[in-house]
Structures are given as structure tokens and as C-alpha cells.
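> no letters, just coordinates:
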């Protein structure tokens, strides 16, 4: 009887373990798909912005060649992509959306802060989780070092930031992310340590003074 019970319990644990693995893999797959849709959306918008003048010129010169929009099979891109963050040292490529609510941070990084990335006197914040099956984008953010370069791709091009400051602060020390006159900053924010919200890890980058680069990192 004991042997049967042991075998039965072992089977239950095995099935439960397999189901948990499947749930984890399914969640990760869904996040990967959403991320790819967001990244593709940004590239679609960038491509459309460069092709539109030529298309309009062609349409003006020969109205009979204007494309028919009704019934078009073209798939609409996912909306809401603010940019794509690249941190080469930790092999991160992640889509960023506007807003830092629980919903947004469940599938992407979120942007908030002061001003627009790349503008003088702006201080943009990009927030993300450091743990989770689907949303631990900043799991390795603590490995980033001072002096490194990270990039932020927007519709206009790619902004490069040099890490000038790394600090761990209390959640109420919001003065650390205030704008600074004459500088364009971007701070990457996550909870610290892993799986704890006791502190915040801030990785702040200063915009590199060079033209926007309209190529892939």
C-alpha cells in the first residue's frame, strides 16, 4: 500500500513539475512575441517615414498608379512603441513603451520622466523589473559599469548615452532623477536587490554629443 501511495505521489509531482515548466515556457514565448511585435512596429514606422515622400511623389505624377487601400492585406503594426533599448554588455535588446504601470511593465520596459529623450535639459527614466517569468528585463542591470555606452533607438534615429553614475537609493529619493540644466540624461531604474523593492538601482547615462545614427546597433 505504501509503495502504491509513494508511486502515486511521485507521479503527481512529476506531472505538476511538467505543467509548471510548460506554463513558464508559454509565458516567455508570449513575452518574446509581444517584444518582437513592438520592435517590428518601430522599424515599420521608421521605414514608412523614409518611403512616404517617394510614394507621394509617384502618386502625384501618375494618379492612376495610386494604391488601393480598401481591402488591403497589409498587417497593421503594434502601436505604442516608444523605442528600443540596447545594452551590449548585458546582451539586452528590449522594446520600451510609454508609461510605467503594472500592465506596461508586464511585457516591456516603460518610459517616464522629464522631457523627450535626446532633448537638452531632459531626464528620461526607463523602468523595468529585475525578476519574473515574463518581465525580468533588468535582471542583469547591476552588471553595467560606469563608462559603458548604451543606446536608445527612436523613430528619428539612435541616441547614445555614456554611463556617468550608478547608485542605489531609497524609493523616496526622487531628487536623484530631476533634470539637470544643460544636460540630456537617461536613467535606467529597477528594484534592488533582486526580488526586493527595498531600494532602487539607478544607472544614469549622459547623451553623447554626436548626431543621431539612423542604423541598427
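Okay, I see it. These figures come from a predicted structure and were not determined experimentally. Numbers count the residues shown, from 1 in each chain.

> count the residues that sit near residue 178.
Neighbourhood size, residue 178 [other CB atoms under 10 Å]: 10. Any C-beta I mention is one placed from the backbone N, CA and C, and that applies to glycine too.

> what of the one 4 residues further on?
By other CB under 10 Å, the residues close to residue 182 number 7.

> surely it touches residue 123?
No. The criterion here is CB atoms under 8 Å, and residue 182 misses it with residue 123 at 11.9 Å.

> low pLDDT regions in the protein?
Confidence mapping of the chain against pLDDT under 70 gives the ranges 1-29, 49-79, 210-217.

> quick one, helices of it?
For the chain, the helices defined by DSSP state H occupy 2-61, 102-105.

> what are the boundaries of the strands in the protein?
Listed in chain order, the strands found in the chain under DSSP state E are 81-87, 92-98, 109-114, 123-127, 149-153, 158-169, 185-192, 199-207.

> including distance to residue 140, could those go into JSON lines?
Shown next, in JSON lines, are these (distance: least, CB to CB, whole Å):
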{"stretch": "strand 81-87", "distance to residue 140": "8"}
{"stretch": "strand 92-98", "distance to residue 140": "7"}
{"stretch": "strand 109-114", "distance to residue 140": "13"}
{"stretch": "strand 123-127", "distance to residue 140": "15"}
{"stretch": "strand 149-153", "distance to residue 140": "12"}
{"stretch": "strand 158-169", "distance to residue 140": "13"}
{"stretch": "strand 185-192", "distance to residue 140": "10"}
{"stretch": "strand 199-207", "distance to residue 140": "11"}
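
> now these in TSV, with distance to residue 177 and mean neighbour count?
Supplementary listing: the strands of the chain in TSV, determined by distance: least, CB to CB, whole Å; neighbours: other CB atoms under 10 Å:
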stretch	distance to residue 177	mean neighbour count
strand 81-87	17	23
strand 92-98	16	20
strand 109-114	7	20
strand 123-127	6	23
strand 149-153	16	22
strand 158-169	9	17
strand 185-192	5	22
strand 199-207	7	21
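
> closest one to residue 175 among those?
Closest to residue 175 of these is strand 158-169 (CB to CB; 9.3 Å).
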